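Student: How does the following fold in three dimensions:
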Amino acid sequence: MVAILQPAFPEMRPMRADEVERVVAVEVSAYEFPWTEGIFRDCLRAGYNCWVLARNDEVVGYGILSVAAGEAHVLNVCVRPDEQGSGHGRRLMRRLIDLARWHRAERVFLEVRPSNPRAIALYDQLGFNEIGRRPNYYPTARGREDAIVMALELLPPEE
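Tutor: Coordinates of the predicted model:
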């Protein structure tokens, strides 16, 4: 009998400053207009909830959440293109939602491109609802694209 080695399931953990370059590499591989290394470092410095999915030292995906005044905002969620479709985005989003609850946020907001139907479907499945649009929010090769603003109402924790 031949043993087939399966790739290790990625570990979820807080992002470390020494792996920002690997996070940026994932960002650049997935987005036409990626965040800069400085933006990621600023998020860490600001104390945002920055999490990675990592297999050994390889970053597979990441998520960033800010929480203030009873509200949470998903700032960025990304999974390496060759790892998409494996449930990693769902795992990251569930972690960010759990963190929002832990911080006692009443709702979670996010923006998503209308041209990203897979992300919209995931957010719908997680219970997010469209609450508005931000005109000309995202850069595109031909100008700007609106953002769909979505929100998830969090139930208060049971006492």
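
Student: Now do the SS call for Gly85.
Tutor: coil (DSSP: H, G, I helix; E, B strand; the rest coil).

Student: So what's the residue count around Arg101?
Tutor: 16 (other C-beta atoms under 10 Å). C-beta coordinates here come from the backbone N, C-alpha and C atoms, glycine included.

Student: Can you tell me what sits against the helix or strand containing Val74?
Tutor: Per DSSP states H and E, Val74 falls inside strand 71-79. Defining contact as C-beta atoms under 8 Å, 6 or more residues apart in numbering, one finds that strand 71-79 is touched by 26-27, 30-31, 35, 43, 48, 53, 60-67, 86, 88-89, 92-93, 96, 99-100, 103, 105-110, 119.

Student: out of these, which are buried?
Tutor: By neighbour count, with 16 or more other C-beta atoms under 10 Å, those hold 26-27, 35, 43, 48, 53, 60-67, 86, 88-89, 92-93, 96, 99-100, 103, 105, 108-110, 119 as buried.

Student: Now do the SS call for the closest residue to Gly132 other than its chain neighbours.
Tutor: In space, and not counting its chain neighbours, Gly132 is closest to Val149: 4.4 Å by C-beta to C-beta, 6 or more residues apart in numbering. Look at Val149: counting by three-state DSSP, its state is strand.

Student: picking up where we left off before, could you list which of the buried ones among the contacts of strand 71-79 belong to helices?
Tutor: 26-27, 43, 88-89, 92-93, 96, 99-100, 119 (DSSP state H).

Student: now, which of those sits nearest Ala8?
Tutor: His88 (13.0 Å; C-beta to C-beta).
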